[in-house]
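What follows is a predicted protein model with its sequence.
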Amino acid sequence: MRKASIIFAALALAAAFAASGCRGRTVSPSEVVAVPEQEITLDPLDDAWYPLPYHPAKLILQDLVEPRLMEPSTAEVEVTAMTDGKDVAFRLEWIDGSQNDLPGPQAFIDGCAIQLPSKQDANVPAPQMGEEGKSVEIAYWRADWQAIVDGRADEISSIYPNAAVDHYPFKAESLQKDPKKQQEMARRYAPARALGNDRSGPRKQPVEDMVAGGPGTLSPASPVSSGKGVRTDKGWSVVIVRPLPAFLTDKQSANIAFAIWQGENNETGARKMRTGWIPLVIRRLPE
Amino acid sequence: MARVNNWQLGREMSYWYPESRPEKQFAAVFDINKCIACQTCTLACKTTWTSGKGQEYMLWNNVETKPYGFYPLSWDLKLLEMLDGQQWSPDGSTYEGSTIFESAPAGERVLGWRPEDEDYAYPNVGEDDCAGQIDGGASLQMPHMAWFYYLARICNHCTYPACLAACPRGSIYKRPEDGIVLVDQGRCRGYQECVRGCPYKKVFFNPMTGTSEKCIACFPKIEQGLQPQCFVNCIGKIRLAGWISKPGEEREDNPIDYLVRIRKIALPLFPQFGLEPNVYYIPPIHVPTSFTRQMFGPGVDDAIAAYKKAAAEGDDDLTGLLGLFGSTEEVLSRWNRSGETITGFNDKGEEAVRVPLREPVSIRPSYDKLYQITRVNCP
């Protein structure tokens, strides 16, 4: 009697969904499927993502090289993908109860990254940042860069609203009429920017392209990726768009890996949750 | 981990990289007894290097009042607590405890902690606060019953830098030509592992550039044979910059070698941390050594005795060499004394400065007979 009532309830629920035209999201349990689409979207909240199958990628500790993350944090990242034949877009969604997008001493930033081998090879590179002679390409999104791209002023007052600063040399009255000289002076007091360190901004994209050949070798690469992240009621939803690798076709699969940093948990650099290699395929949705 | 020789501990220790001493090692001696905490050094550094956005809170050079002054808050106490009461051998020759490299927990490169932004909000909390209350019956005695002293601090340009060991991507390097430790601003990605690792908390995260920055020992000046800004602007003349020789190669005519290794009156800051720091301090003579032994190691009593004897018993070499502090902008790599004259020589071997053993003293009569007035004896 009890069993029969449960079956009845399930049938009623299915009928209700069918009547409303609402279908549950499809899970792709063992691979990331990039679905061919006419156009790809940079918007994580675009309805176009909804019918696509998502892969729930289990995250594991980065525990191979010091400094390691010793306690697991984010358990899973849901990955959805689409391609227009030229670029490929990945939407990463994960649970994160706190928004960490303000940098500072002992303040770390929420972020995520996708990683693909630089070239197709029967022997895939080590999933943790590749290895010597077998490099990997990484596109890295950060919440603080997103905030700046979205319009937050790149000023100390954005971090410390009540900051009182006596004087910056580049704001001297004598330089006010000469913006070029003023910029030169400002660069002198921001050595990382003066050296062209891509990490140090000013940011025009929330995503940074990099290449690595093993832990500790992360280096800047030509900027080819773009992205957009939004805060959801559960955590983050981030789209990263990068060029479709030539070796990834509807006949040839590839590998992809993901990493998540939870700022609240002081995760930065090597202290992160990550996946191993996950198969990445291009496949149309069944009609 | 490699095994390396740390002469300050009197033993080998574990370090992340093999021993590789630079051709020359930047080093300095600070005479704590002369410091008046005027913070001119702090301002000299601040206006020269850290006036940019994101550097507002940074003090690559700071002066704090011990025992209650810190920058950042409790920087030394926190690590001492984490190390949990380590010991030297009874004769003081060997450190028997664990360094921050040897105490590194699983998953870490060094034992460390990271200050929060509020820890930087009190650059010298406890300024001029005595170690105890002054009660009735107190008298001035040595060491003082109630005391404080000023501790001027810069990056120690350590032989075994913890910041360098802690960086997972090799963004920090020690220059082979002069041993100065620098953060490569083109390579740093702002993980703050160096901030966590440096026990002296002399690496600072810049939230505007997203990279970590630190004291550069004014290397553009050093490259010209000149002492850093905080040295030459010190009105108390407490500082002397130079080069410390490799262990076993010390020379009597090298001012730093003479003070640190030969006369042993200048001591490293918290040698037990294991970094072989290269700023050496002449400890304060009025402070109970039960306190300063923890900060400068077991050589404190001997150092104070030698320092006090220098003037009292006519130790002309030591007294004379102390006269070279703050006497010239040039880095002095050699010195000698000839009778009452002490001469300092620069890196090229040229005479840079000459000072008398004792400054001549003239006492003017208080009543000027010529003008028939009483002089006010102000300088």
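Perfect, I can see it now.

Let me see the backbone angles for the closest residue to chain B within chain A.
At 2.7 Å from chain B, A:Tyr189 is the closest residue in chain A, using C-beta to the nearest C-beta. Just so you know, the C-beta spots here come from the backbone N, C-alpha and C atoms, and that holds for glycine as well. Phi and psi for A:Tyr189, reported as degrees, to the nearest 10, are phi -100, psi 10.

what about it, neighbour count?
20 (other C-beta atoms under 10 Å in any protein chain shown).

Compute the distance between it and A:Pro103, please.
18 Å (C-beta to C-beta, to the nearest Å).

quick one: contacts for the residue most central in space within chain B?
Nearest to the geometric centre of chain B sits B:Val279, at 3.5 Å (C-alpha atoms, centre = their mean). Residues counted as contacts of B:Val279 (C-beta atoms under 8 Å, 6 or more residues apart in numbering or on different chains) are B:Ala27, B:Ala28, B:Val29, B:Phe30, B:Arg153, B:Ile154, B:Asn156, B:His157, B:Pro268, B:Leu269.

Kindly recompute the last result at 6 Å.
B:Ala28, B:Asn156 (C-beta atoms under 6 Å, 6 or more residues apart in numbering or on different chains).

ditto for A:Asn265
A:Ser73.

Apply 8 Å and report the result again.
A:Ser73, A:Phe108.

One more: B:Tyr307?
B:Asn33, B:Ile265, B:Ile282, B:Ile285, B:Leu318.

and with 6 Å instead?
B:Tyr307 touches B:Ile265, B:Ile282, counting by C-beta under 6 Å, 6+ apart.

And it, how far from B:Ala266?
9 Å.

any shared contact partners between the two?
With C-beta under 6 Å, 6+ apart as the test, B:Tyr307 and B:Ala266 both reach B:Ile282.

what about the stretch 1-150 of chain B, any weak spots by pLDDT?
Along the stretch 1-150 of chain B, no part satisfies pLDDT under 70.

residue of it with the smallest distance to chain A?
Counting by C-beta to the nearest C-beta, the stretch 1-150 of chain B gets nearest to chain A through B:Gly52 (2.7 Å).

That residue and A:Tyr189 touch, don't they?
Yes - here B:Gly52 reaches A:Tyr189: they are 2.7 Å apart, a contact under C-beta atoms under 6 Å.

So B:Gly186 belongs to a helix, correct?
No - counting by DSSP: H, G, I helix; E, B strand; the rest coil, B:Gly186 is not found in a helix; it is coil.

so what's it scoring on pLDDT?
We have a pLDDT of 96 for B:Gly186.

For the closest residue to it other than its chain neighbours, give me the pLDDT.
Among residues not flanking B:Gly186 along the chain, A:Leu195 sits closest, at 3.9 Å (C-beta to C-beta, 6 or more residues apart in numbering or on different chains). At A:Leu195, the predicted lDDT confidence score is 93.

What's the local residue count around A:Leu195?
16.

do A:Glu184 as well
13.

so which helix or strand takes in it?
helix A:179-188 (DSSP states H and E).

Check the gap between B:Gln229 and B:Arg251 for me.
27 Å.

Ignore what I typed, I meant B:Gln55.
Taking C-beta to C-beta, one finds B:Gln55 at 39 Å from B:Arg251.

So between those two, which is more surrounded?
Between B:Gln55 and B:Arg251, counting by other C-beta under 10 Å, B:Gln55 is the more crowded of the two (23 against 14).

Skipping its backbone neighbours, what lies nearest that one in space?
B:Asn206 is the one closest to B:Gln55 (C-beta to C-beta, 6+ apart), at 6.0 Å.

Now do the same contact list for A:Pro202.
A:Asp154.

who in the stretch 151-300 of chain B is up against chain A?
Residues of the stretch 151-300 of chain B that fall close to chain A, judged by C-beta under 6 Å from any C-beta of the partner chain: B:Pro168, B:Arg169, B:Gln185, B:Gly186, B:Arg189, B:Tyr191, B:Phe205, B:Pro207, B:Thr209, B:Gly210, B:Thr211.

and of those, the nearest to A:Ala107?
Closest to A:Ala107 out of these is B:Pro207 (7.7 Å), distances taken as C-beta to C-beta.

For that closest one, grab the count of nearby residues.
24.

repeat for the one 10 residues further on
The number of residues packed around B:Ala217, counting by other C-beta under 10 Å, is 27.

Does it touch B:Leu182 like I think?
No - B:Ala217 is beyond contact range of B:Leu182, at 8.7 Å (criterion: C-beta under 6 Å).
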